[in-house]
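K.L.:
please work out how this folds:
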Amino acid sequence: MSASIVQNILNSFDTNSKKEWEVKASQDLKGGAIEDLSWQLNESILLSPYYTASDVPETDTAILKESNPDWQVGEHYEVTDYAASNKQLLNDLMHGLTAPYFSFNSTPSLEDLEALFEGVGLEHIACHFTSNDEKIYLNWLALLKKRAIQASAYFHLDAAHASSVKSIHINASAYYKGPENVHEEIKNSLLVGKAMLSQATDKQLLADQLQFTFLVDNAYLINIAKLRAFKLLWTFLIKELKLNVSLPFIKVKFAPEAYGEDEEDNLIKATSMAMSAVLGGANHLVVRPISSSHRSKRLARNIQLILKHESGLNKIADPAQGSYYIENLTHKLVNYCK
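P.N.:
The predicted structure is shown next:
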């Protein structure tokens, strides 16, 4: 069915004014005021229960359409046994994993990395390392040189490096205090990034190397608006510093308290949080398994694969654009955090 036919069908429906909707809502509330359904996010941000096209704010979100709609499917590995981790990694890569996330209890040598990545086509995936140990970075470069390949990698180092990796990490999750304090999470992350850029000798290099980790929880709409607002505010900052504008690389994990005790309920929560992260523009997502079982880890990964390959959320950049409610919430967060 063509777009013009769809539009003609939509235009055939009667339209109602915002006032008419408010009257209907008041009737359903049995005389109650629709304002009673308003949501006070914080002392400065009040959200109405209903928005229309006339309420869409003037904040220019067009740049969000320039982001890559696809995202990296992440999974965390605590590596203690390199051979065992390699076996698990190979299996997971065969079943949809694209961006493993590694932590180590000691610094891996070049030989350790060779064992971990034996049989792994590193040029086809993106590897993330949580450590700020410079030796891991150097051993990674040595491994790539030995294989004569280039590969994407992400580190948490203390200085920017002129290579194919993103080496500087800002942990926005350190400022997470629940959805009611989302503005503080955004503002503090921006301030840290701005301070780092102001002290950098090569500001453009640092800007290109930066990556941020945010947490999402069960506040679905806030999750989406938070990531969108941060991306917009970051581009404003980059413009202010007269640097080449690019959207920030955002990693997303789940808040520690996001799950309850019921497994099936947690699967619904995991799907909702993952979807909100994707709609907000996450570049790398780790869906935390409900338990340590193999089944739980597989289900966590499959949530992302379903969002990609069945829902097609990796095909459209900023799919939340145009949502009256999300645009308003994004706009309010941007204005509050400027």
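K.L.:
could you use CA atoms for every contact and neighbour count after this?
P.N.:
Fine.
K.L.:
list phi and psi for residue 262.
P.N.:
Dihedral angles of residue 262 (phi, psi; degrees, to the nearest 10) stand at phi -80, psi 120.
K.L.:
go on, the one 3 residues further on?
P.N.:
Reported as degrees, to the nearest 10, the phi and psi values for residue 265 are phi -60, psi -40.
K.L.:
that one and residue 331: what is the separation?
P.N.:
From residue 265 across to residue 331, the span is 32 Å (Cα to Cα, to the nearest Å).
K.L.:
same question, residue 175
P.N.:
In terms of Cα to Cα, residue 175 sits 21 Å off from residue 331.
K.L.:
neighbour count: the two, which is higher?
P.N.:
Higher neighbour count among residue 175 and residue 331: residue 331, with 21 against 18, using other Cα atoms under 10 Å.
K.L.:
settle this for me: that one is touching residue 61, isn't it.
P.N.:
No. In this structure residue 331 lies outside contact range of residue 61 using Cα atoms under 8 Å: 9.2 Å.
K.L.:
what do the two both touch?
P.N.:
Common neighbours of residue 331 and residue 61 are not found (criterion: Cα atoms under 8 Å, 6 or more residues apart in numbering).
K.L.:
can I get the strand or helix carrying residue 191 in PDB, CA atoms only?
P.N.:
If you go by DSSP states H and E, residue 191 is part of helix 182-199. Provided in PDB are the C-alpha atoms of helix 182-199 (Å, rounded to 0.1, in the frame of the first residue of the first chain):
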ATOM      1  CA  VAL A 182      17.400  12.300  35.500                       C
ATOM      2  CA  HIS A 183      18.300  16.000  35.000                       C
ATOM      3  CA  GLU A 184      21.200  15.600  37.400                       C
ATOM      4  CA  GLU A 185      22.500  12.600  35.600                       C
ATOM      5  CA  ILE A 186      22.500  14.500  32.300                       C
ATOM      6  CA  LYS A 187      24.000  17.700  33.700                       C
ATOM      7  CA  ASN A 188      26.800  16.000  35.600                       C
ATOM      8  CA  SER A 189      27.800  14.000  32.600                       C
ATOM      9  CA  LEU A 190      27.900  17.100  30.400                       C
ATOM     10  CA  LEU A 191      30.000  19.000  33.000                       C
ATOM     11  CA  VAL A 192      32.500  16.100  33.200                       C
ATOM     12  CA  GLY A 193      32.800  16.000  29.400                       C
ATOM     13  CA  LYS A 194      33.100  19.800  29.200                       C
ATOM     14  CA  ALA A 195      35.800  19.800  31.800                       C
ATOM     15  CA  MET A 196      37.800  17.100  30.000                       C
ATOM     16  CA  LEU A 197      37.500  19.000  26.700                       C
ATOM     17  CA  SER A 198      38.500  22.300  28.200                       C
ATOM     18  CA  GLN A 199      41.700  20.800  29.500                       C
END
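K.L.:
list the contacts of that helix.
P.N.:
Residues contacting helix 182-199 (Cα under 8 Å, 6+ apart): 170-173, 175-177, 203, 206-207, 222, 226, 230, 233-234, 237, 333, 336-338.
K.L.:
low-confidence regions, this structure specifically.
P.N.:
1, 3, 162-164 (pLDDT under 70).
K.L.:
how about the secondary structure of the spatially most central residue of the chain?
P.N.:
Computing the C-alpha centroid of the chain and ranking residues by Cα atoms, centre = their mean puts residue 282 first, at 2.5 Å. Using DSSP: H, G, I helix; E, B strand; the rest coil, the structure places residue 282 in coil.
K.L.:
I'd guessed it sits against residue 253; true?
P.N.:
No. Here residue 282 does not reach residue 253: they are 9.8 Å apart, not a contact under Cα under 8 Å.
K.L.:
relative to residue 33, how far out is the nearest residue to residue 56 once chain neighbours are set aside?
P.N.:
Excluding the flanking residues, the one nearest residue 56 by Cα to Cα, 6 or more residues apart in numbering is residue 324, at 5.7 Å. Going from residue 324 to residue 33 by Cα to Cα gives 21 Å.
K.L.:
who has more neighbours, those two?
P.N.:
Set residue 324 next to residue 33 and count neighbours by other Cα under 10 Å: residue 324 wins out with 17 against 14.
K.L.:
can I assume the more buried one is in contact with residue 51?
P.N.:
Yes. Counting by Cα under 8 Å, residue 324 touches residue 51, with 5.7 Å between them.
K.L.:
which stretches of the stretch 151-300 of the chain form helices?
P.N.:
182-199, 203-209, 220-240, 263-280, 294-309 (DSSP state H, counting those that start in this stretch).
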